[in-house]
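Engineer: Got a sequence here, can you build the structure:
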Amino acid sequence: MREILIDGKKLKILEGDIVRMKVDAIVNAANKSLVLGGGVAGAIRRAGGPSIQEECDRIGPINTGEAALTGGGNLEARFVIHAAGPVYGEGNEDAKLRMATISCLNIAFSKKMKSIAFPAISTGIYRFPIEKCSEIMITTAKDFLGNHEYPREIIFCLYGQEAYAVFERTFLEI
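Structural biologist: The predicted structure is shown next:
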């Protein structure tokens, strides 16, 4: 785990399972239709129970770069913020990933959430390069922490040592 303070607020990276995080909100790497299929979304569906998908069905679809809020169901987290990340190769992916990250942070800010945990959005079946993802998401989070009162803690919860190592390199460079 690595951690830095930015204006008294924490930015962390750690290796772990996001569905086990005890935070106000975890972020789901969602598709635009908000159907909880595989990857992070599937793990959230399995651990959180059917109420999360039921809420998603009432909300969706959303556009790439947008985010939507649901309850956390049976998760430790009170909420799930569903971020529709870009598919690599669709065009303007960097800006769309940055916007998806900001959309999540804006929800956390508006609800005065103290803590939020992110996965590496779009790096699974959407094939976004994890190195570029880490640069965009960490830089965006640092900027947000420096300019907003909430959240007080942003965590990047990476699944597997390989993903953690990439985020750690970026974390130490930025």
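Engineer: drop to CA atoms for contacts and neighbour counts, all remaining ones
Structural biologist: Noted.
Engineer: List the buried residues in stretch 121-138.
Structural biologist: Across stretch 121-138, burial judged by 16 or more other Cα atoms under 10 Å covers 121-123, 126, 128, 130-131, 133-138.
Engineer: Stretch 109-123 now?
Structural biologist: Phe109, Met113, Lys114, Ser115, Ile116, Ala117, Phe118, Pro119, Ala120, Ile121, Ser122, Thr123.
Engineer: and of the residues you listed, the nearest to Val40?
Structural biologist: Pro119 (7.7 Å; Cα to Cα).
Engineer: OK, contacts around the closest one?
Structural biologist: In this structure, Pro119 makes contact with Ile18, Val27, Asn28, Ala29, Val40, Phe156, Cys157, Leu158, Tyr159, judged by Cα atoms under 8 Å, 6 or more residues apart in numbering.
Engineer: residue ranges of the helices in this protein, please?
Structural biologist: 39-48, 50-59, 93-110, 130-147, 161-173 (DSSP state H).
Engineer: Taking the centroid of this structure, which residue is nearest it?
Structural biologist: Phe118 (2.9 Å; Cα atoms, centre = their mean).
Engineer: these two touch, right, that residue and Cys157?
Structural biologist: Yes: if you go by Cα atoms under 8 Å, Phe118 and Cys157 touch, sitting 5.9 Å apart.
Engineer: who touches both of the two?
Structural biologist: Ile18.
Engineer: Could you pick out the one among the contacts of Pro119 with the lowest pLDDT?
Structural biologist: In terms of pLDDT, the lowest of the contacts of Pro119 is Val40, showing 92.
Engineer: so what's that residue up against?
Structural biologist: Contacts of Val40 (Cα under 8 Å, 6+ apart): Asn28, Ala29, Pro119.
Engineer: Next up, phi/psi of Thr123, please.
Structural biologist: phi -90, psi 0 (degrees, to the nearest 10).
Engineer: For it, list the residues it contacts.
Structural biologist: Counting by Cα under 8 Å, 6+ apart, Thr123 has contacts Pro129, Ile130, Cys133.
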